[in-house]
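A.B. asks: model the structure of this input:
(one chain, ligands or ions: 2)
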Amino acid sequence: MGEAPALLVDDVQDGALNGLELKNVTCKTTATVGDKAYVIGGADDGTLSIEVQIFDRSLGEWVRPTVRGTKPVSCNGLSAVPLEDRILILKKGSKPDDQIWFLEIDTQYVRQQQKILGSEVVAWSKGVIGNAEKPVVISGPSGVGKGTLISMLMKEFPSMFGFSVSHTTRAPRGMEKDGVHYHFTEKSIMEKEIKEGKFLEFASVHGNLYGTSVEAVELVADAGKRCILDIDVQGARSVRASSLEAIFIFICPPSMEELEKRLRDRGTETEEQILKRLRNAEAEIEQGKSSQVFDFILYNEKLEECYERLKKLLGLDGFITAPPKSGPIEIDLPMDHSVSKIDNKIIINCISSGEKESKNLIILDVSSLKGGVPGRTRGLNFQAIGSFSNGLNGIDQLS
Ligand SMILES: Nc1nc2c(ncn2[C@@H]2O[C@H](COP(=O)(O)OP(=O)(O)O)[C@@H](O)[C@H]2O)c(=O)[nH]1
Ligand SMILES: Nc1ncnc2c1ncn2[C@@H]1O[C@H](COP(=O)(O)OP(=O)(O)O)[C@@H](O)[C@H]1O
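C.D. replies: Numbers count the residues shown, from 1 in each chain. Ligands and ions are numbered 1, 2, ... in the order given. The predicted model follows:
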């Protein structure tokens, strides 16, 4: 049967926790997991984002963790529900698409980051009702046509896909713009940022450093789009081992001769760079075909045919024009609500003014959560019971 309601301390009482003073506590909440009390809320210094402090009861000390992921902005109040490896945060008085967040405290990503930094790390990810589309990782040798295929996809479905803008230490080509095609950077800066844990993956490719920052993937998710990553085979392997669940596609040339012709005709590389890329291509193709990393291999012989097959893989075939963008399902939580937890169900009791108890409930099912930073925590399901005066966006009410 069900468990007792989770320990919820909504708005820390009296500004004190274990005898320690908390200043300006009105919008703070705590959630206790094991020996640690996570104090979550608007910062005392007036910054707009929600900050996190941890009180370690076993050590009797406060810890300020490194915070990864995009921080949510402050709000009028918070409820926190500890789950297995993350804390569910419900923001009061926020927009429907900004109400459900997760503070990851022991996910795969957080554990990885703690190992890199050797200190306490937590990470924010936004909650998504249902299963948002997985990001798409596209790899293949230089000159095979990855960029061309991605441009076609983004042109045909501009509201559906967003490109993860990588960092690189290579010099920009003539038409390339900083922040659009790549973030062009210096080796020492990128190495420092890698040490700080800002990259989801990175690799040395054709003599330069390339990497996908957590922020690059989150920016696309924040725009409500499906993320496309153009990365090499080593990067694809790292992403496969990471917390980012994605579809992995390898693009193969019809022959090495054709690959060389495309590279030369593109005219963007020196002779030396072309030869290096061709040397690397053989190993990349071998790894791409034989590794367990890729879900699909596509041969790019005739561009239009390859593009049609790519669309088919992504479930986009048959669309004559861009598919209508169905908005994400959102719940509009009323300002006044109380929260409790039974098994994997979070019961949100919505109290209307003048009522002590409400017959209006939203039940969030957290049994199938997936993903997290970077991107989103997906797989939230919900049921709404009763009549909602402020309405539920994009869903049918059950009664
Ligand atoms: N691991 C990794 N590889 C990347 C990243 N961005 C680009 N690459 C790969 O780096 C290689 C070289 O890319 P680029 O210099 O743009 O040359 P091109 O492939 O000839 O167009 C390609 O295989 C890209 O897929 C990244 O963020 N991470
Ligand atoms: N199927 C194809 N047939 C002929 N040329 C192609 C095909 N696909 C791409 N190209 C051309 O090959 C060159 C390399 O493509 P590009 O998209 O830059 O490759 P990548 O991003 O994989 O390095 C470009 O000049 C592009 O126009």
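A.B. asks: what's the average pLDDT for stretch 288-300?
C.D. replies: The average pLDDT within stretch 288-300 is 94.
A.B. asks: let me fix that: stretch 361-372
C.D. replies: Mean predicted confidence for stretch 361-372 is 91.
A.B. asks: and it, C-alpha only, in CSV?
C.D. replies: Extracted in CSV, the C-alpha atoms of stretch 361-372 (Å, rounded to 0.1, in the frame of the first residue of the first chain):
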residue,chain,number,x,y,z
LEU,A,361,-7.0,17.0,-7.7
ILE,A,362,-4.2,16.7,-10.1
ILE,A,363,-2.3,13.4,-9.8
LEU,A,364,1.2,13.4,-11.3
ASP,A,365,2.6,9.9,-12.0
VAL,A,366,6.4,9.9,-11.7
SER,A,367,6.9,6.2,-12.2
SER,A,368,8.3,6.5,-15.7
LEU,A,369,10.7,9.4,-15.6
LYS,A,370,13.4,9.5,-18.2
GLY,A,371,16.2,11.8,-19.2
GLY,A,372,17.2,15.0,-17.4
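A.B. asks: say whether ligand 2 is contacted by the lengthiest helix in the chain.
C.D. replies: When the chain is parsed with DSSP state H, its longest helix is helix 271-290. No: Helix 271-290 does not reach ligand 2 (CB under 6 Å from any ligand atom); its nearest approach is 8.3 Å. For every residue, glycine as well, the C-beta is placed using N, CA and C.
A.B. asks: buried sites along that helix?
C.D. replies: In terms of neighbour count (16 or more other CB atoms under 10 Å), helix 271-290 has its buried residues at Ile274, Arg277, Leu278, Asn280, Ala281, Glu284, Ile285, Gln287, Gly288.
A.B. asks: for stretch 230-237, same thing?
C.D. replies: Buried-residue list, stretch 230-237, by 16+ other CB under 10 Å: Asp230, Ile231, Asp232, Val233, Gln234, Gly235, Ala236, Arg237.
A.B. asks: returning to that earlier point: ok, residues contacting the longest helix of the chain?
C.D. replies: 139-143, 205-207, 232-233, 250, 252-253, 256, 259-260, 263-264, 269, 294, 297 (CB atoms under 8 Å, 6 or more residues apart in numbering).
A.B. asks: now intersect those residues with the helices, please.
C.D. replies: Reading helices off the contacts of helix 271-290 with DSSP H, I get Val233, Met256, Leu259, Glu260, Leu263, Arg264.
A.B. asks: any of these buried? List them.
C.D. replies: Here, 16+ other CB under 10 Å leaves Val233, Leu259, Glu260, Leu263 buried among the ones in helices among the contacts of helix 271-290.
A.B. asks: and which of the residues you listed is nearest to ligand 2?
C.D. replies: Proximity of those to ligand 2 (CB to the nearest ligand atom) peaks at Leu263, which lies at 6.7 Å.
A.B. asks: what residues are up against the closest one?
C.D. replies: Ser142, Gly143, Glu269, Ile274, Arg277, Leu278.
A.B. asks: which strand or helix spans the residue in the chain that ligand 1 sits nearest to?
C.D. replies: Nearest residue of the chain to ligand 1, counting by CB to the nearest ligand atom: Gly235, 2.3 Å away. Using DSSP states H and E, Gly235 maps to helix 233-240.
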